[in-house]
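S.K.: Curious how this folds, go ahead:
(chains A, B and C)
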Amino acid sequence: MTEDPAAALDRAFFDRPSPEVAPDLLGRLLRCTLPTGTVELRLTEVEAYTGPDDPASHAYRGRTARNAVMFGPPGHAYVYFTYGMHFCLNLVCGPALHPGGVLLRAGRVTEGIDSARRRRPGSRRDHDLAQGPARLTVALGVDRTQDGEDVVAGPVFRLLPGTPPAPGQIRTGPRTGVAAAADTPWRFWIEGDPTVSPYRAHAPRRRAAK
DNA sequence: GGTAAGATCCGCT
DNA sequence: GCGGATCTTACCT
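M.R.: Here you go, the predicted model:
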């Protein structure tokens, strides 16, 4: 059966380990509909995180109030707050009891660009609108309110087939800004796309002098 | 109850 | 290239 580009992806898409799901998300379209506007973007950069076997994952130390959604059914949004000011959006995947997720790191806005620009007034060019995980959530209008939302058929999110990149366009490398397991190549991006965020190795911050 | 580090971004040098 | 902003979380005592 041919994929209908307007139909949401099947829920079984997410019922696999996150390192398998992550590259398959590249080129897909994520649409986010909120009262403040609808924005759709084509995913260009993602990172996989798994569960108890992945020291970089929020699920590594078991279920907490913050990460509870990661331990729930696949195909839902896990949104967390970090650095005192940023939100990041993950799509929960993996078989039940094997928590995992894919961090959405960057995308190119394909619809609702006016809403995205309004939310990101500091953005100088269209390719910065969702260039980076925290910028992406701002452009979409996502915060912890959307934690746990259904991504397959929910009222807010809808993941559409879009146009996957050619296999030769997919690149992999170490995850950005991650202290643990820096050698695990679970970052995936579309080669040459200007919306992909620049790689930054993890740099621990010193305690502020008082 | 205290503290250190964090799946980051922006502005300035 | 570097440091500040800003606060939640989890780990330690």
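S.K.: Tell me which stretches of chain A form helices.
M.R.: Counting by DSSP state H, chain A has these helices, from start to end: A:18-25, A:113-119, A:133-140.
S.K.: And those helices: which comes nearest DNA strand B?
M.R.: Closest to DNA strand B of the helices of chain A, according to C-beta to the nearest atom of the strand: helix A:133-140, at 3.4 Å. (C-beta placed from N, C-alpha, C; glycine too.)
S.K.: Does anything pack onto the closest one? Which helices or strands?
M.R.: Applying 3 or more C-beta pairs under 8 Å, 6 or more residues apart in numbering; DSSP states H and E, we find helix A:133-140 packed against strand A:29-34, strand A:37-49, strand A:86-93, strand A:100-111, helix A:113-119.
S.K.: Tabulate those in JSON lines, adding columns for distance to residue A:203.
M.R.: JSON lines is the format used below for the helices and strands packed on helix A:133-140 (distance: least, C-beta to C-beta, whole Å):
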{"stretch": "strand A:29-34", "distance to residue A:203": "29"}
{"stretch": "strand A:37-49", "distance to residue A:203": "17"}
{"stretch": "strand A:86-93", "distance to residue A:203": "16"}
{"stretch": "strand A:100-111", "distance to residue A:203": "17"}
{"stretch": "helix A:113-119", "distance to residue A:203": "28"}
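S.K.: Kindly state which of these is positioned closest to residue A:186.
M.R.: Among the helices and strands packed on helix A:133-140, the nearest to residue A:186 by C-beta to C-beta is strand A:37-49 (4.1 Å).
S.K.: For the closest one, which strands pair with it and how are they oriented?
M.R.: Paired neighbours of strand A:37-49 in the sheet (DSSP bridges): strand A:29-34 (antiparallel), strand A:100-111 (antiparallel), strand A:187-190 (antiparallel).
S.K.: Of the ones you listed, which is nearest DNA strand C?
M.R.: The nearest among the strands paired with strand A:37-49, by C-beta to the nearest atom of the strand, is strand A:100-111 at 14.1 Å.
S.K.: The closest one and DNA strand B, are they touching?
M.R.: Yes. Counting by C-beta under 7 Å from any atom of the strand, contacts between strand A:100-111 and DNA strand B involve A:101, A:103.
S.K.: Return the distance of that strand from the chain's centre.
M.R.: Centroid displacement of strand A:100-111 relative to its chain, using C-alpha atoms, centre = their mean, to the nearest Å, is 4 Å.
S.K.: got the angle for it vs strand A:86-93?
M.R.: For strand A:100-111 against strand A:86-93, the angle by axes from the mean of the first three to the mean of the last three C-alpha atoms, to 10 degrees is 110 degrees.
S.K.: Which parts of strand A:100-111 count as buried, going by neighbours?
M.R.: By 16 or more other C-beta atoms under 10 Å, the buried positions in strand A:100-111 come out as A:100, A:101, A:102, A:103, A:104, A:105, A:106, A:107, A:108, A:109.
S.K.: tell me which of those is nearest to DNA strand B?
M.R.: residue A:103 (3.2 Å).
S.K.: Let's have the helices and strands packed on helix A:133-140 in a markdown table, adding distance to DNA strand C.
M.R.: Output for the helices and strands packed on helix A:133-140, formatted as a markdown table (distance: least, C-beta to the nearest atom of the strand, whole Å):
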| stretch | distance to DNA strand C |
| --- | --- |
| strand A:29-34 | 21 |
| strand A:37-49 | 14 |
| strand A:86-93 | 8 |
| strand A:100-111 | 14 |
| helix A:113-119 | 18 |
